[in-house]
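> build me a structure from this.
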Amino acid sequence: MISTKALPSERVRVTFTLDRDDPPGATSVVGCFNGWTPGAHPLRPRSNGKRSTSVILPAGTSVSFRYLSESCGWCDDPAVTERDEHGNARITV
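Below you'll find the model as predicted:
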């Protein structure tokens, strides 16, 4: 699940959320916003049984991303249907 929140100065907080154990093991979100660097934005456990991480982006930005899990490698967000030319999930904030 992805949620967004408008911030001052035409920025948007984008929060990436997955169930705590799906996929199992350490998982991070990687994409064009962090140079596709594994571990740059790890999903951290939350008290609601989920895990999440957030990034702040300029409003109107389109970004491509995937999740990288130690248990299954590259994973897609099932809620995102738009894809870029490489098959990565793509959202516009």
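> pLDDT value on Pro78, please?
Per-residue confidence at Pro78 stands at 83 (pLDDT).
> can you confirm it is in a strand?
No - read with DSSP: H, G, I helix; E, B strand; the rest coil, Pro78 is coil and lies in no strand.
> burial measure for it, as a count.
Neighbourhood size, Pro78 [other CB atoms under 10 Å]: 10. To be clear about C-beta, it is placed using only N, CA and C from the backbone, and glycine gets the same treatment.
> ok, now how distant is it from His41?
Going from Pro78 to His41 by CB to CB, to the nearest Å gives 19 Å.
> Gly49 contacts Asp21, correct?
No - look at Gly49 against Asp21 with CB atoms under 8 Å: they stay out of range, at 9.2 Å.
> with neighbour numbers in mind, choose between those two.
Neighbour count, other CB under 10 Å: between Gly49 and Asp21, Asp21 has more, with 12 against 9.
> so how far is Ser71 from that one?
9 Å.
> list the contacts of Asp76.
With contacts taken as CB atoms under 8 Å, 6 or more residues apart in numbering, Asp76 has the following neighbours: 66-67, 89.
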